[in-house]
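Engineer: missing the sequence, but the structure's below:
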């Protein structure tokens, strides 16, 4: 694998993770529990869509085969997507959406902090931009997680159930492949072991504050680095890609 | 031949699509102007937020203005670094925001205390009362938060610091 191929794969992975998470979050638009929260989640989805757009545009430039960012988003099948499996998990109730988002915001916070130091100027620039936004996201989702976890018995139980269900998808976030190894040598990729240590510390503190118990000895799901997904991704793509696939020449 | 100052003053006529009381120059999103010859110009533009839907509109408006004064070869590049910050909004523009009813960003982004929640209250842009509360970190657009004044009871947008 050449450095350019690795960089394309790496950028595509980051773009896909942001795209699918944003698509999931935007399902709440117009259905939020109350107006301000609906706006908040939609705003967060918009920031993440923006990051996905920048990343997929960069992936398109690296690949240099005439596939645009839109082509990458709309004309690939589920096995050609590399988003982390946690991002495609259904929204469930609000506790589950917030738990998933807090896990991802915390990951993104430390991931983008490291990526901002990348020798690849475009990735570093996108990371510097995103970290400012993610800081707000993390603050927002952490405050909800605390209110739910340390709230009523019902909200506590729902949030604990969400954490228990989602934890099996967190291991994958830190998996490093040949792609990471190649780019790590070049000073481009992030050392995910470093991010993992910081993420674990932060999550342990956050869960304790929320009176939630961190699941232990969990079997970790894997596969997205190879394009293997849970059953949910294909359904998201079916909805997201329906229009451009039906009318491939449609223009906005 | 047109100078950089000519272009700057021309682009100062373009209002921000979401907040029309300030110009895109006052907002600080135009980062560089490079005049190549009579008909060619290259601009660097940076988004306020990654997903800001106004960026396309701003780009179209810039292109239209530059075409009007004779440029035919216009290249607009989006850059991410250094990332846009509310520190780049001019003091004059901040006052315009306040008069328009949007509380301007109050802290320098260098000051991180607001991130931990130890933030002083944002003054109401209408009655200037400090007795206000945060309703939501996320307001009508990505760049704003929603606050409410406890004295005049009006809700108001706050242009948050990034």
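Structural biologist: Yep, it's here. All figures in this text were calculated on a predicted structure; none of them were measured in a lab.
Engineer: list the contacts for residue B:67?
Structural biologist: Residue B:67 makes contact with residue B:74, according to C-beta atoms under 8 Å, 6 or more residues apart in numbering or on different chains. Quick note: C-beta positions are derived from backbone N, CA and C, even for glycine.
Engineer: Return the backbone torsion pair for it.
Structural biologist: Dihedral pair for residue B:67: phi -70, psi -40, per degrees, to the nearest 10.
Engineer: quick one: it from residue B:74, how far?
Structural biologist: Shown here: residue B:67 relative to residue B:74, a distance of 7 Å by C-beta to C-beta, to the nearest Å.
Engineer: One more: residue B:28?
Structural biologist: 20 Å.
Engineer: how about the closest residue to chain B within the stretch 101-250 of chain A, what does it touch?
Structural biologist: Closest contact between the stretch 101-250 of chain A and chain B, by C-beta to the nearest C-beta, is at residue A:125 (3.2 Å). Contacts were defined as C-beta under 8 Å, 6+ apart; by that measure residue A:125 touches B:79, B:80, B:81, B:83.
Engineer: same question, residue A:213
Structural biologist: A:160, A:163, A:207.
Engineer: The residue of the stretch 101-250 of chain A closest to chain B - that's part of a helix, no?
Structural biologist: Yes - the assignment for residue A:125 by DSSP: H, G, I helix; E, B strand; the rest coil puts it in a helix.
Engineer: Residue A:119 versus that one, what's the distance?
Structural biologist: For residue A:125, the distance to residue A:119 - C-beta to C-beta - is 12 Å.
Engineer: For the nearest residue to residue A:91 once chain neighbours are set aside, give me phi and psi.
Structural biologist: Closest residue to residue A:91 apart from its sequence neighbours, by C-beta to C-beta, 6 or more residues apart in numbering or on different chains: residue A:97 at 4.7 Å. Torsion angles at residue A:97 (phi, psi; degrees, to the nearest 10) stand at phi -60, psi -50.
Engineer: I'd like the list of the contacts of residue A:125 that fall within strands, please.
Structural biologist: The subset of these located in strands under the criterion DSSP state E is empty.
Engineer: Make CSV out of those residues and add neighbour count and distance to residue A:232.
Structural biologist: Output for the contacts of residue A:125, formatted as CSV (neighbours: other C-beta atoms under 10 Å in any protein chain shown; distance: C-beta to C-beta, whole Å):
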residue, neighbour count, distance to residue A:232
B:79, 17, 36
B:80, 21, 31
B:81, 15, 35
B:83, 23, 33
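Engineer: Need these in a markdown table (columns: pLDDT and distance to residue A:135).
Structural biologist: A markdown table is the format used below for the contacts of residue A:125 (pLDDT from 0 to 100; distance: C-beta to C-beta, whole Å):
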| residue | pLDDT | distance to residue A:135 |
| --- | --- | --- |
| B:79 | 90 | 21 |
| B:80 | 89 | 16 |
| B:81 | 87 | 17 |
| B:83 | 90 | 12 |
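Engineer: Can you add distance to chain A and give those residues back as TSV?
Structural biologist: Converted to TSV, these look like this (distance: C-beta to the nearest C-beta, whole Å):
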residue	distance to chain A
B:79	7
B:80	3
B:81	4
B:83	4
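Engineer: before we move on, back to that, just the contacts of residue A:213 now: which is nearest residue A:61?
Structural biologist: residue A:163 (38.4 Å; C-beta to C-beta).
Engineer: List, one by one, the residues from chain B near chain A.
Structural biologist: B:47, B:49-53, B:79-85, B:115, B:117, B:135-142, B:146, B:160, B:162 (C-beta under 8 Å from any C-beta of the partner chain).
Engineer: Just the buried subset of those, please.
Structural biologist: Neighbour-count burial (16 or more other C-beta atoms under 10 Å in any protein chain shown) applied to those gives B:47, B:49-52, B:79-80, B:83-85, B:136-139, B:141-142, B:146, B:160, B:162.
Engineer: Select from those every entry located in helices.
Structural biologist: With DSSP state H as the criterion, helices contain none of those.
Engineer: Would you mind listing where chain B has pLDDT under the threshold?
Structural biologist: Applying pLDDT under 70 to chain B flags the ranges B:107-120.
Engineer: Keep only those of the residues of chain B next to chain A that are in strands.
Structural biologist: Using DSSP E, the subset of these located in strands is B:135, B:136, B:146.
Engineer: Residue A:223: what's it in contact with?
Structural biologist: Contacts of residue A:223 (C-beta under 8 Å, 6+ apart): A:85, A:172, A:229.
Engineer: Look at the residue in chain A positioned nearest to chain B and report its pLDDT.
Structural biologist: In chain A, the residue found nearest to chain B is residue A:50; the distance is 2.8 Å by C-beta to the nearest C-beta. If you check residue A:50, the pLDDT there is 95.
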